[in-house]
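*Asks:* A predicted structure for the sequence below; I have some questions about it.
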Amino acid sequence: MHSFNHWMIGLDLTNMDDLVLGYLDFLSGINEPEQLTFIHVVEDEGISDELNELFPEVETSKSLDCIIREELSRKVDHHFEADGPNVNIIVREGNTTETLLSALNEFDPDLLVLGKKTGYEGEGALARKITKYSHCSLLFIAENSQYKLENIHVPITFSKASARAITQAKNMSRTVGAELHIQHVYHYPTQFFPYIPSDKYSERMNDHLNKKFEKFKKKHDLIDIPDCVFTVNDDGKDADQIYDLTLRTRADLIIVGAKSKTSAAALLTDEMADSLAEYHFGVPVLIYKEKEEHIGLLKSLLDKD
C-alpha cells in the first residue's frame, strides 16, 4: 500500500494465519512492499503444559524456536514467491502486547498487520492497546475478510489525520478502481435535543456540515473526492453508525486517520481510532498514522518519565 515499504505481520499458528497471509498476498499485488517481517509471540504463561501436549518432542526452548520457525516458513512460502519481498521471521517469548511493541521499536516497520478474531475475549483490548502505543499504521484483518477492494469507507472528523486517511484511500481507490465513501458522524447538542424538531435541525446541521466539509477540502487540498455522508448519532456508539454505513455501501476496507497532537494526553486518547480498532466490523480496518510524528510524541512521552 501507498508509502508502506516494510510490513510487520503477527502470526499465531492458528487457521487465522492462512486468512491473514492470503489477504496480504492480495494486497501486495496492489502495492508490493520491500520487506515483510513475520513475528510469533510465545506467551510466558502456561507454556510448559501446553507445549508438552502439542510438541512432545520439544526438549529445549531452542528446539521449540526451530519448530515454530519451520511452521511459519512453510506458511509464508505458500503465499510469497522467493523473488518477492525480503522476508524475516522472528519468534519471541513474553507478553503479547509488550513484545509486539518492543518489536515495533526494534524493527521500525511502516505497517503492523494483525488478525482479529470475532468474539474472542480480549481481542478488542489488545487491538486498543496496540493502537494507542504503536508509532506506525495498523491493519486489522477480520475473520471474514474477502480478497477484494471495491468500496473503501473513510470516517472523518475534519482533522489533519482525516485528510491523510482520505489521501491514502484515494490513492488506493485510484489504483484498483474502488469507490470511495466518506462519512462524518455528529451528535445533537445535549442541551437542545430532543426539544428542537429533528427534521428542521437536521436540515440546518447538514447545511452547516457541508460548509465545514468544503472548508476542510480546501484547507487540505482534497480534490475529486465524493460528497460526505453526515450521520447523526443520537443513541449509542459512533462505531455503530459507521458499521451501518459499512454494511449499506458493502465496504471492503475501512480507513481512519489517527490523530497526532502536541500533548501526550492527546496521543493516548484518540477515541475514533481506538473505538474502530476494537469494534468487530467484519472487514479490515486500516488505522493510518503519520509515523514520524508519532515517533516524536512517544519519545517525548518516554523522556518525561
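*Replies:* Right, received. Where do you want to start? Numbering: from 1, shown residues only.
*Asks:* what about the nearest residue to His220 once chain neighbours are set aside, neighbour count?
*Replies:* The shortest distance from His220 to any residue other than its chain neighbours is 3.7 Å, reached at Ala163 (CB to CB, 6 or more residues apart in numbering). In short, each C-beta sits where N, CA and C put it, glycine included. Ala163 has 18 neighbouring residues, counting by other CB atoms under 10 Å.
*Asks:* tell me the contacts of Asn15?
*Replies:* Not one residue lies near Asn15 by CB atoms under 8 Å, 6 or more residues apart in numbering.
*Asks:* need the phi and psi values for it.
*Replies:* phi -60, psi -20 (degrees, to the nearest 10).
*Asks:* check which helix or strand the residue nearest to His220 maps to.
*Replies:* Per DSSP states H and E: Ala163 is located in helix 160-176.
*Asks:* check the offset of that helix from the chain's centre.
*Replies:* Counting by CA atoms, centre = their mean, to the nearest Å, helix 160-176 is centred 14 Å from the centre of its parent chain.
*Asks:* change the start of the numbering to 756 and stick with it
*Replies:* Noted, 756 is the first residue going forward, which turns the last one into helix 915-931.
*Asks:* that one packs against which elements?
*Replies:* helix 771-785, strand 906-910, strand 934-941, helix 953-974, strand 1008-1012, strand 1040-1043 (3 or more CB pairs under 8 Å, 6 or more residues apart in numbering; DSSP states H and E).
*Asks:* and it, what's buried?
*Replies:* 915-925, 927-928 (16 or more other CB atoms under 10 Å).
*Asks:* dump that helix to PDB, restricted to CA.
*Replies:* Listed next in PDB are the C-alpha coordinates belonging to helix 915-931 (Å, rounded to 0.1, in the frame of the first residue of the first chain):
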ATOM      1  CA  LYS A 915      -5.400  16.700   9.500                       C
ATOM      2  CA  ALA A 916      -5.400  12.900  10.400                       C
ATOM      3  CA  SER A 917      -8.700  12.500   8.500                       C
ATOM      4  CA  ALA A 918      -7.300  14.400   5.500                       C
ATOM      5  CA  ARG A 919      -4.300  12.000   5.400                       C
ATOM      6  CA  ALA A 920      -6.700   9.000   5.600                       C
ATOM      7  CA  ILE A 921      -8.700  10.300   2.600                       C
ATOM      8  CA  THR A 922      -5.500  10.800   0.700                       C
ATOM      9  CA  GLN A 923      -4.400   7.200   1.400                       C
ATOM     10  CA  ALA A 924      -7.800   5.900   0.500                       C
ATOM     11  CA  LYS A 925      -7.900   8.000  -2.700                       C
ATOM     12  CA  ASN A 926      -4.500   6.600  -3.800                       C
ATOM     13  CA  MET A 927      -5.700   3.100  -3.200                       C
ATOM     14  CA  SER A 928      -9.100   3.600  -4.900                       C
ATOM     15  CA  ARG A 929      -7.300   5.000  -8.000                       C
ATOM     16  CA  THR A 930      -5.000   2.000  -8.200                       C
ATOM     17  CA  VAL A 931      -7.800  -0.600  -8.000                       C
END
